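Student: sequence-free structure coming up:
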């Protein structure tokens, strides 16, 4: 009965477009072209390393991104140390002519000293394929390309010092050691992706 | 003479400030957790359905749809629809929240989310909600979710969603 209610609710209410990837799902859009701020064209298959790949849907102006991005370089380093590729993707297609243009992305990456690829997802093709809805939102895939962790970076956008649960870093360490994690999916408030 | 005029001017200024204060004194912003908010809604609701809109001052789509959501409560009968706004702004933006509500000329009780525990807040309103703003959920009297959506929608979409639930007979809702 509970399942029937859930299905009915989903049919009646769901209004998000593409279905979001679930834990254990295969990575999609591996060969989609992404425009990195350094001028190169990248794809997830280029960036994937021996233990997997981390994709963060991000942007230039979302206040939650602005609060969380002081941890991006540290996340990049953790990825590097655990054999995981990393890319931050800007899928705000509706704003790619204005605040999220490639020129603004370059400025943003420079002013925040991004040490990792920050790439434009034209027409939000990758976000649509993932069923991603917000920024910042992370998707971590293992070496087999299966979704291992998705959701929030940690439990405190406002202060890295006050974080009690480092969900993403815990998942990255677990992936590096080929261990399981307790929390494979978390949620946080954020900005809607502007498709 | 000049002192009397000055005193008069100061009196008028104070009076105008006082009047302005009165016009906003019937606006209250409660800072609540999801649990507290749901209890508050249940205790103060006599409408058939409750529309909860989660917004933020920095969220442009939220600000764009805010005015016509305000109008919805005026258009529908009290017994049919209650509209509840919940700001997801941080503590340091509390004044911006208040100022925005004043600028929109809204009255009554409004809410701002208590900081922390985002995941619980999100799931209390809908386990289907990703956390993206704006969020709108429509609930029955018992705060059981009936419809929800993320992102900005136009007035027509809001009305057709509300109408489809108001027209549901009795126990089925």
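Tutor: Noted; the coordinates are in hand. Owing to the predicted nature of the structure, the values given are computational and were not obtained by experimental measurement.
Student: and the helices in chain B, which stretches?
Tutor: B:2-25, B:34-43, B:60-75, B:94-103, B:118-125, B:155-166 (DSSP state H).
Student: I'd like to know which elements the second one is packed against.
Tutor: Spelled out, that is helix B:34-43. strand B:81-87, strand B:108-113, helix B:118-125 (3 or more C-beta pairs under 8 Å, 6 or more residues apart in numbering or on different chains; DSSP states H and E). C-beta coordinates here come from the backbone N, C-alpha and C atoms, glycine included.
Student: would you tell me which of these gets closest to residue A:20?
Tutor: helix B:118-125 (14.1 Å; C-beta to C-beta).
Student: and that closest one, what does it pack onto?
Tutor: Using 3+ C-beta pairs under 8 Å, 6+ apart: helix B:118-125 touches helix B:34-43.
Student: residue ranges with poor pLDDT in chain B?
Tutor: Within chain B, the ranges that satisfy pLDDT under 70 run B:1-25, B:170-171.
Student: what parts of it come near chain A?
Tutor: Neighbours of chain A within chain B, by C-beta under 8 Å from any C-beta of the partner chain: B:56, B:58-59, B:61, B:88, B:90, B:115-116, B:118-119, B:121-123, B:128-134, B:145-151.
Student: tell me which of the residues you listed fall in strands.
Tutor: Members of the residues of chain B next to chain A lying in strands (criterion: DSSP state E): B:132-133, B:145-150.
Student: coming back round to it: which of the helices of chain B sits most buried?
Tutor: helix B:118-125 (a mean of 19; mean count of other C-beta atoms under 10 Å in any protein chain shown).
Student: which residues touch residue 142?
Tutor: Unless you meant another one, I'm taking chain A. A:51-52, A:148, A:175 (C-beta atoms under 8 Å, 6 or more residues apart in numbering or on different chains).
Student: chain B is the one I meant
Tutor: For residue B:142, the contacting residues are residue B:42, by C-beta under 8 Å, 6+ apart.
Student: could you check how far it is from chain A?
Tutor: According to C-beta to the nearest C-beta, to the nearest Å, residue B:142 stands 14 Å off from chain A.
Student: now do residue B:96
Tutor: Using C-beta to the nearest C-beta, residue B:96 is found at 12 Å from chain A.
Student: which residue does chain B bring closest to chain A?
Tutor: Per C-beta to the nearest C-beta, residue B:132 is where chain B lies closest to chain A, at 3.6 Å.
Student: that residue is in contact with residue A:134, isn't it?
Tutor: Yes - counting by C-beta atoms under 8 Å, residue B:132 touches residue A:134, with 3.6 Å between them.
Student: anything in contact with each of these two?
Tutor: A:190-193.
Student: so which of the residues you listed sit within strands?
Tutor: In this view, the shared contacts of residue B:132 and residue A:134 that belong to strands under DSSP E are A:190-192.
Student: which of those are close to chain B?
Tutor: Near chain B, judged by C-beta under 8 Å from any C-beta, the entries from those are A:190-192.
Student: can you redo those as CSV with pLDDT, distance to residue B:71 and neighbour count?
Tutor: As requested, those are exported to CSV (pLDDT from 0 to 100; distance: C-beta to C-beta, whole Å; neighbours: other C-beta atoms under 10 Å in any protein chain shown):
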residue, pLDDT, distance to residue B:71, neighbour count
A:190, 96, 28, 27
A:191, 96, 25, 28
A:192, 95, 23, 23
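Student: what comes up buried for stretch A:161-178?
Tutor: For stretch A:161-178, burial by neighbour count (16 or more other C-beta atoms under 10 Å in any protein chain shown) applies to A:163, A:166-172, A:174-176.
Student: measure that stretch end to end?
Tutor: 28 Å (C-alpha to C-alpha, to the nearest Å).
Student: how about it, does it reach chain B?
Tutor: No - residues of stretch A:161-178 are not located near chain B by C-beta under 8 Å from any C-beta, the shortest gap being 9.5 Å.
Student: show me how far that stretch is from its chain's centre.
Tutor: Put simply, stretch A:161-178 sits 15 Å off its chain's centre (C-alpha atoms, centre = their mean, to the nearest Å).
Student: quick one: which of the buried residues of stretch A:161-178 is nearest to chain B?
Tutor: Nearest to chain B among the buried residues of stretch A:161-178, with distances taken as C-beta to the nearest C-beta, is residue A:167, at 10.0 Å.
Student: can you map out the helices along chain A?
Tutor: Remark: helices assigned in chain A by DSSP H are A:2-13, A:44-47, A:63-68, A:72-81, A:102-111, A:125-130, A:167-176.
Student: in JSON lines: those helices, plus mean pLDDT.
Tutor: Formatted as JSON lines, these follow (pLDDT from 0 to 100):
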{"stretch": "helix A:2-13", "mean pLDDT": "44"}
{"stretch": "helix A:44-47", "mean pLDDT": "98"}
{"stretch": "helix A:63-68", "mean pLDDT": "96"}
{"stretch": "helix A:72-81", "mean pLDDT": "98"}
{"stretch": "helix A:102-111", "mean pLDDT": "98"}
{"stretch": "helix A:125-130", "mean pLDDT": "98"}
{"stretch": "helix A:167-176", "mean pLDDT": "96"}
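Student: could you dump those helices into TSV with distance to residue B:40 added?
Tutor: TSV is the format used below for those (distance: least, C-beta to C-beta, whole Å):
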stretch	distance to residue B:40
helix A:2-13	24
helix A:44-47	45
helix A:63-68	26
helix A:72-81	38
helix A:102-111	40
helix A:125-130	36
helix A:167-176	30
